[in-house]
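>>> sequence and predicted structure below; questions after.
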Amino acid sequence: LAALRTAETAFTWRWKTEWNDRAPKLRYLATPAAGHDFFPEQMPSRILVHHGRFHGEFMSETLLGMMLGFQRGIFNHF
């Protein structure tokens, strides 16, 4: 937080609205988080926010595997 005054780029899991005023030079905000849960809905237009996208593939593969497993009765043995 101390470096926000001079930061042009930030990589973080979460962001709080009150930090926007502390980061006047911030232009790019990146997060490995796939969702928008830890970020305000409205960010200043000067800040480009990039969310992670790698979770989607894993989640879809897991869901498909679980659906097939239940359909085939694999989980009935536990």
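Yep, that arrived. Just so we're clear, the structure is a prediction, and the values are computed from it rather than from any experiment.
>>> helices and strands around the least confident helix or strand in the chain by mean pLDDT, which ones?
When the helices and strands of the chain are compared on mean pLDDT, DSSP states H and E, helix 55-71 comes out lowest with a mean of 83. Contact partners of helix 55-71 among helices and strands, from 3 or more CB pairs under 8 Å, 6 or more residues apart in numbering; DSSP states H and E: none. C-beta: built from backbone N, CA, C; applies to glycine.
>>> my guess is P44 meets D21, correct?
No: P44 is beyond contact range of D21, at 9.6 Å (criterion: CB atoms under 8 Å).
>>> neighbour count winner among those two?
P44 (13 against 9; other CB atoms under 10 Å).
>>> how much space separates the more buried one from L29?
To L29, P44 is 10 Å away according to CB to CB, to the nearest Å.
>>> try M67
Counting by CB to CB, the gap from M67 to L29 is 35 Å.
>>> any idea which residue sits dead centre in this protein?
The chain has A33 as the residue nearest its centroid, 2.2 Å off, counting by CA atoms, centre = their mean.
>>> need the contact list for that residue.
Contact analysis of A33 by CB atoms under 8 Å, 6 or more residues apart in numbering lists W13, R14, F39, H51, G52.
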